[in-house]
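Chemist: Quick one: sequence plus predicted model below, questions after.
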Amino acid sequence: MEVNANLYEFLRENETGFVKEKYGIVLYVHVPFYELDDFVKIVGEHHFEEGGVDVLMFDETICFELNDVIEGEGHKITSYKNCFDEFQFKRYEKDLLESESE
């Protein structure tokens, strides 16, 4: 299991989840505004350059999709399973494993 240790710890400390969309399972994290600088340092500024990223903005957080971040580092999404709700992970585990084997 290979992970970005800093991202792994960040995800364990913040609200995360999954959404099933038309093209697959999307992982997300809610980043509190006061932790935004830390998050950018962890994932790298290049994710926010040249057009930026789509986000959902809430009252106290910004919600980021994580698939490109995790897969862009050459890691498997399932390696981060302990960063997500166990019930929710089990619900989508089959789909996630299938997408990793493609």
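Modeler: Cool, the structure landed. It should be emphasised that the depicted structure is a prediction, and the values quoted were computed from it without experimental measurement.

Chemist: Can you tell me the centre-most residue of the protein?
Modeler: The structure's the chain has its C-alpha centroid closest to residue 66; by C-alpha atoms, centre = their mean the separation is 2.7 Å.

Chemist: I figured that residue hits residue 31, correct?
Modeler: No: using C-beta atoms under 8 Å, residue 66 is not in contact with residue 31; the gap is 10.6 Å. For the C-beta atoms, the positions are set from N, CA and C on the backbone; glycine is no exception.

Chemist: other SSEs contacting the longest strand seen in the chain?
Modeler: Using DSSP state E, we find that the single longest strand of the chain is strand 24-32. Secondary-structure packing of strand 24-32 (3 or more C-beta pairs under 8 Å, 6 or more residues apart in numbering; DSSP states H and E): strand 16-21, strand 61-65, helix 67-72, helix 86-101.

Chemist: Next secondary structure after it?
Modeler: Of the helices and strands lying after strand 24-32 in sequence (DSSP states H and E), the nearest is helix 36-43.

Chemist: and stretch 42-54, how far out from the chain's middle?
Modeler: Mean-position distance between stretch 42-54 and its chain equals 14 Å (C-alpha atoms, centre = their mean, to the nearest Å).

Chemist: That stretch: which residues count as buried?
Modeler: For stretch 42-54, the neighbour count (16 or more other C-beta atoms under 10 Å) marks 42-43 as buried.

Chemist: Report the mean per-residue pLDDT for that stretch.
Modeler: With pLDDT averaged residue by residue, stretch 42-54 scores 86.

Chemist: before we move on, the earlier item: between the longest strand of the chain and helix 86-101, how many degrees?
Modeler: 130 degrees (axes from the mean of the first three to the mean of the last three C-alpha atoms, to 10 degrees).

Chemist: and strand 24-32, which strands flank it?
Modeler: If you go by DSSP bridges, strand 24-32 pairs up with strand 16-21 (antiparallel), strand 61-65 (antiparallel).

Chemist: now, of these, which is deepest in the fold?
Modeler: Ranked by mean neighbour count under mean count of other C-beta atoms under 10 Å, the strands paired with strand 24-32 are led by strand 61-65, which reaches a mean of 18.

Chemist: Fine by me, we can end here.
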